[in-house]
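Colleague: can't give you the sequence, but here's the structure:
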């Protein structure tokens, strides 16, 4: 079976920075629902169209095609009193964006004078990356998966 609309694609991947340094490698296969369900970067999905098990692709992704541009206006300074007691630089936690109400993952990037700098930008925002993957499985999606817009594990999925 080849990858096309409404197929579930399993793959192993590697992600590199613009200098060729390995940033992430999958230990186990990841899966996504193919066909515009936003389960993977659109340029990667486009490159995988029509591929089959065992085939590999490599795609260079500009920031806007991957983790987005870095937005310094999203960075916030908060009182340490508003954070967990064990807050330290590098700590990540969920929070609500006051402007949009969306849940974001914040990284503490600095602590000084009773305040913490919180950055909700993805750690790879603003960077060009190279994504390579090998297809390990392709199957038709179930009607439940296509109606929900994402892959379900064995035995179904409960919302």
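Modeller: Nice, I can see it. This is a predicted model, so every value here is computed, not measured.

Colleague: How about residues contacting stretch 36-43?
Modeller: 5, 32-33, 45, 48, 59, 61, 65-66, 131, 149-151 (CB atoms under 8 Å, 6 or more residues apart in numbering). Quick note: C-beta positions are derived from backbone N, CA and C, even for glycine.

Colleague: Please pick the buried ones from those.
Modeller: 32, 33, 45, 48, 59, 61, 65, 66, 131, 151 (16 or more other CB atoms under 10 Å).

Colleague: Tell me who's in contact with the third one.
Modeller: Going by CB under 8 Å, 6+ apart, residue 45 touches 32, 34, 36, 39.

Colleague: about what we covered before: just the ones of the contacts of stretch 36-43 in strands?
Modeller: Assigned to strands by DSSP state E, the following of those qualify: 32, 33, 59, 61, 131.

Colleague: Report the contact partners of the nearest residue to the last one once chain neighbours are set aside.
Modeller: In this case it means residue 131. Computed as CB to CB, 6 or more residues apart in numbering, the closest residue to residue 131 that is not its neighbour in sequence is residue 59, at 5.2 Å. Counting by CB under 8 Å, 6+ apart, residue 59 touches 41, 43, 44, 47, 130, 131, 132.

Colleague: same deal with residue 61?
Modeller: 41, 43, 44, 128, 129, 130, 131.

Colleague: now it, nearest residue through space, not along the chain?
Modeller: residue 129 (5.2 Å).
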